[in-house]
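Chemist: here is a sequence together with a model predicted from it:
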Amino acid sequence: MRRRGGIDEILRATVAFPAVTPYDVSRRAGKRHTANDAHITAFIESFNEIGVPVTAAETRAYMGLTKIEEIRALFNIDRVKAAFREKFGRDYTDEDVQARYVAFQRVLFDTLENYSEPIPGLL
């Protein structure tokens with residue numbers, strides 16, 4: 001059982017979203033998006049790159065963790081762990097976690113324009 005007001009909630013409240021950003025992630029081509037849409041896509045694509053797919057539901061289950069911890073949690077899903085072991089013949093390591101984190105960041109920033117628009121006058 002998680003305590004309310006613990007460090008997890010403090011971190012989520014203070015670092016989950018920057019106070020000011022020059023991008024509006026809620027509007028794109030007339031569609032409503034959440035900030036999480038880009039993150040979910042980036043997690044899915046970064047795992048697809050190594051041939052070990054994860055689902056949107058699996059990524060949503062760990063929202064609120066730091067991104068690196070979310071990647072660790074995804075690797076720890078029994079199905080994902082087994083798929084990785086089958087594909088690579090070994091268990092995942094911290095190097096694999098770090099590599100997916102780098103891939104996650106690359107995919108996120110490469111596709112951010114699909115989920116956001118600059119706020120007029122800020123750029």
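Modeler: On my side now, so go ahead.
Chemist: and Ile40, what helix or strand is that in?
Modeler: Secondary structure from DSSP states H and E places Ile40 in helix 35-48.
Chemist: helices or strands next to that helix in the packing?
Modeler: Packing partners of helix 35-48 (3 or more C-beta pairs under 8 Å, 6 or more residues apart in numbering; DSSP states H and E): helix 56-60, helix 67-75, helix 94-111. In this view, the C-beta of every residue, glycine as well, is placed from N, C-alpha and C.
Chemist: 7 Å instead?
Modeler: helix 56-60, helix 94-111 (3 or more C-beta pairs under 7 Å, 6 or more residues apart in numbering; DSSP states H and E).
Chemist: and that helix, average pLDDT?
Modeler: Average pLDDT, helix 35-48: 87.
Chemist: about what we covered before: now render the helices and strands packed on helix 35-48 as TSV, adding mean neighbour count and mean pLDDT.
Modeler: Converted to TSV, the helices and strands packed on helix 35-48 look like this (neighbours: other C-beta atoms under 10 Å; pLDDT from 0 to 100):
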stretch	mean neighbour count	mean pLDDT
helix 56-60	15	93
helix 94-111	15	94
